[in-house]
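Enquirer: Just a sequence and a predicted model for now, questions to come.
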Amino acid sequence: MSSKMLQYTRLAAAMPDKRPSDERRADFAEIYRSFEPMQAAPQASRCEQCGIPFCQIHCPVANNIPDWLMLAAQGRLEEAYAVSSATNNFPEICGRICPQDRLCEGHCVLEQSRHGTVTIGSVEKYITDTAWTMGWVEPARPLRERAASVGIIGAGPAGLTAADELRKLGYQVHVYDRHDRSGGLLIYGIPNFKLEKVVVERRTRLLIDGGVVFHLNFAVGRDASLADLRRRHAALLIATGVYRARPLTVPGASLGGVHPALDYLITSNRVGLGDKIAAFDDGRLNAAGKHVVVIGGGDTAMDCVRTAVRQGALSVRCVYRRDRHNMPGSRREVAHAEEEGVEFIWQVAPEALLGDGKVDGVRCVKMHLGVADATGRQVPTPIEGSHSTLPADLVITALGFDPEDIPSLFGARELGLTRWGTLKVDARTLMTTLSGVFAAGDIVRGASLVVWAIKDGRDAAAAIHAYVEAKLRVAGAEPAALAG
Ligand SMILES: Cc1cc2nc3c(=O)[nH]c(=O)nc-3n(C[C@H](O)[C@H](O)[C@H](O)COP(=O)(O)OP(=O)(O)OC[C@H]3O[C@@H](n4cnc5c(N)ncnc54)[C@H](O)[C@@H]3O)c2cc1C
Ligand code: SF4
């Protein structure tokens, strides 16, 4: 046995057995689809090392997937980690929550030829989790410190990635976030059963150990204006995500027991993190013993239905106005939800929420899918006389998110917006309409994916570096004005 394989075997023996009981494993199998140690190598060795790596082409951060699969197949995990972390700041997070069926794995040649994809995400997760266990993941150690400081607004994946990259370059990095914890939707949106919070928390700790300064409970617009922060820093990055929930506009939408998805998920995540939340304790945002109806067909809706199942709901139904084929959520997520007992009611729209002060039912109408509109999606229209009523004690609305009005919130009317309300940036430099102010992640793309936020964070960091360097060249030195 090679020394690497021996190390690998020792690692397997040293790993604490965190496996759940067989009963629980059967209940929620998807959480535990990670490998038993020693299974990653055979899986990685299935990669055909094909000439055109379609997996890599369809990975937003262009991971060198065939290379790290080959290294993992040979048991050279430290090198595999070095290759995988060269293009992705948080590979173990992407390995857990990327919709791989739409990205790398969906384009694996083995999958296309119906032999079943190499489980790229699971191998990526395994490599990086191993790196953490072995102590290969280390805080940033810049070759030289720079006096210039950069301010980052938003501690989600886009902001944290940029912080990591800029700190490695030696900048003094300050991250501002209105929440009490860093992580953005990684910590308060995505449920623990998909992404364990310890995985996010250890990344924040690593950034702090590397010298990034966090200012939590700091809401830009309340605690400082954008102009204040521009005076403090050589450059700024806005990575604030999109948080304005699209409202349900049917009669009864304001009844008690009707809640937006993020209120429900934030509460559930806070409770999981050990916080005491009155709305959970008094049952308002707790699905236990309730008939739950979730309205919407995206990944947020899937997270809500699956959280409700875990909280012990009596029944969980998901109502969506189009069919399975046309829903925006990941097919894999729908399959998991169905396995867990969620009932999907396709081509149905809510017409009214019923109840006296508090919701007790959802009146629905069946929808016909007509011809496609300019966006290419079939337009749903109600079918007369096709009403039905679903019992509901808790209704969760998951209809998507729009950006907040950042220029008003930040007191910076000069910030340009697109017609969707996202921040307007130069496609090449990611600079907004304000000099030295950059933007990345969902606030530029609209609601998207973690891996795209990571890609944007990396690009923004490179653009900020180029901008500050150019500014210094013009100034002829590293002036105090850039120090922050
Ligand atoms: C419920 C849910 C589940 C999801 N599941 C997945 C998934 O499984 N896989 C996947 O790839 N993607 C998923 N996504 C999408 C993904 O989470 C986002 O695309 C990603 O988090 C965007 O990153 P970001 O850094 O741009 O913004 P965010 O993660 O939203 O972070 C923005 C940060 O900015 C802070 N902020 C906002 N305004 C201010 C202010 N005024 N002052 C200071 N701080 C501020 C916020 O507090 C937040 O911490 C999910 C989204 C949701 C809502
Ligand atoms: S980052 Fe996402 S898309 Fe890229 S290889 Fe990893 S799981 Fe696949």
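Expert: Arrived safely. Residues are numbered from 1 along each chain as shown. Ligands and ions are numbered 1, 2, ... in the order given.
Enquirer: Around ligand 1, which positions in the chain sit nearby?
Expert: 97-98, 153-159, 176-179, 184-185, 189-190, 194, 219-221, 239-241, 265, 299-300, 303, 409, 441-442, 448-451, 453 (CB under 6 Å from any ligand atom). Heads up, the C-betas are built off the backbone N, CA and C, glycines and all.
Enquirer: ok, and does stretch 442-449 reach over to ligand 2?
Expert: No. Figure legend: stretch 442-449 not in contact with ligand 2 (CB under 6 Å from any ligand atom); closest approach 8.4 Å.
Enquirer: now that stretch, how far from the centre of its chain.
Expert: Computed by CA atoms, centre = their mean, to the nearest Å, the chain-centroid distance of stretch 442-449 equals 10 Å.
Enquirer: same deal with stretch 199-209?
Expert: 16 Å.
Enquirer: Contacts for it next, please.
Expert: 90, 92-93, 96, 132, 137-140, 155, 160, 163-164, 167, 175, 181-183, 186-187, 214 (CB atoms under 8 Å, 6 or more residues apart in numbering).
Enquirer: Show me those that map onto helices.
Expert: Secondary structure from DSSP state H places 92-93, 96, 132, 160, 163-164, 167, 186-187 of the contacts of stretch 199-209 in helices.
Enquirer: Adding distance to ligand 2, write the residues you listed out as CSV.
Expert: Formatted as CSV, the ones in helices among the contacts of stretch 199-209 follow (distance: CB to the nearest ligand atom, whole Å):
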residue, distance to ligand 2
E92, 10
I93, 9
R96, 9
W132, 16
L160, 15
A163, 19
D164, 15
R167, 21
L186, 14
I187, 19
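Enquirer: Mind picking the two most distant members of the residues you listed?
Expert: R96 and R167 (23.8 Å; CB to CB).
Enquirer: tally of neighbours for G159?
Expert: Applying other CB atoms under 10 Å, we find 29 residues neighbouring G159.
Enquirer: What residues does the stretch 1-150 of the chain have near ligand 2?
Expert: 59, 61, 63, 65, 88, 94-95, 98, 100, 103-104, 120-121, 124.
Enquirer: Of those, just say which sits nearest to ligand 1.
Expert: C98 (5.5 Å; CB to the nearest ligand atom).
Enquirer: Let me see the confidence value for the closest residue to the closest one other than its chain neighbours.
Expert: Once flanking residues are discounted, C98 sits nearest to V451: 5.2 Å by CB to CB, 6 or more residues apart in numbering. pLDDT recorded at V451 is 98.
Enquirer: From C55, how far out is V451?
Expert: 13 Å (CB to CB, to the nearest Å).
Enquirer: same check, this time on V220
Expert: 38 Å.
Enquirer: try A219
Expert: 40 Å.
Enquirer: and those two? which has more neighbours close in?
Expert: C55 (26 against 13).
Enquirer: quick one, what contacts that one?
Expert: If you count contacts by CB under 8 Å, 6+ apart, C55 has them with 65-66, 104-105, 107-108, 118, 120.
Enquirer: Figure out the helix or strand that it lives in.
Expert: Element membership of C55 [criterion: DSSP states H and E] is helix 54-57.
Enquirer: Please export the C-alpha coordinates of the helix or strand following that helix as CSV.
Expert: Using DSSP H and E, the next helix or strand after helix 54-57 towards the C-terminus is helix 65-73. Only the C-alpha atoms of helix 65-73 are listed here, as CSV (Å, rounded to 0.1, in the frame of the first residue of the first chain):
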residue,chain,number,x,y,z
ILE,A,65,-12.5,18.6,-12.1
PRO,A,66,-10.7,15.8,-14.1
ASP,A,67,-7.4,16.7,-12.5
TRP,A,68,-8.7,16.5,-8.9
LEU,A,69,-10.7,13.4,-9.7
MET,A,70,-7.6,11.7,-11.0
LEU,A,71,-5.6,12.7,-7.8
ALA,A,72,-8.4,11.5,-5.6
ALA,A,73,-8.5,8.2,-7.5
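Enquirer: Summarise which helices and strands the helix or strand following helix 65-73 is packed against.
Expert: Note on helix 65-73: by DSSP H and E, the next helix or strand toward the C-terminus is helix 77-87. For helix 77-87, the packing partners by 3 or more CB pairs under 8 Å, 6 or more residues apart in numbering; DSSP states H and E come out as helix 65-73, helix 120-134.
Enquirer: now those helices as CSV including distance to D356, mean pLDDT and mean neighbour count?
Expert: Output for the helices and strands packed on helix 77-87, formatted as CSV (distance: least, CB to CB, whole Å; pLDDT from 0 to 100; neighbours: other CB atoms under 10 Å):
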stretch, distance to D356, mean pLDDT, mean neighbour count
helix 65-73, 56, 93, 23
helix 120-134, 47, 95, 23
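Enquirer: between those helices, which gets nearest to R230?
Expert: helix 120-134 (35.9 Å).
Enquirer: mind listing the strands for the stretch 251-400 of the chain?
Expert: 258-260, 291-295, 315-319, 343-345, 348-355, 359-372, 378-391, 394-397 (DSSP state E, counting those that start in this stretch).
Enquirer: R428 is nearest to which of those strands?
Expert: Using CB to CB, the strands of the stretch 251-400 of the chain put strand 359-372 closest to R428, at 33.5 Å.
Enquirer: Which elements pack onto the lengthiest helix in the chain?
Expert: Of all segments of type helix in the chain, defined using DSSP H, the longest is helix 450-475. Judged by 3+ CB pairs under 8 Å, 6+ apart, helix 450-475 is in contact with helix 91-97, helix 157-168, strand 235-238, strand 437-439, helix 442-445.
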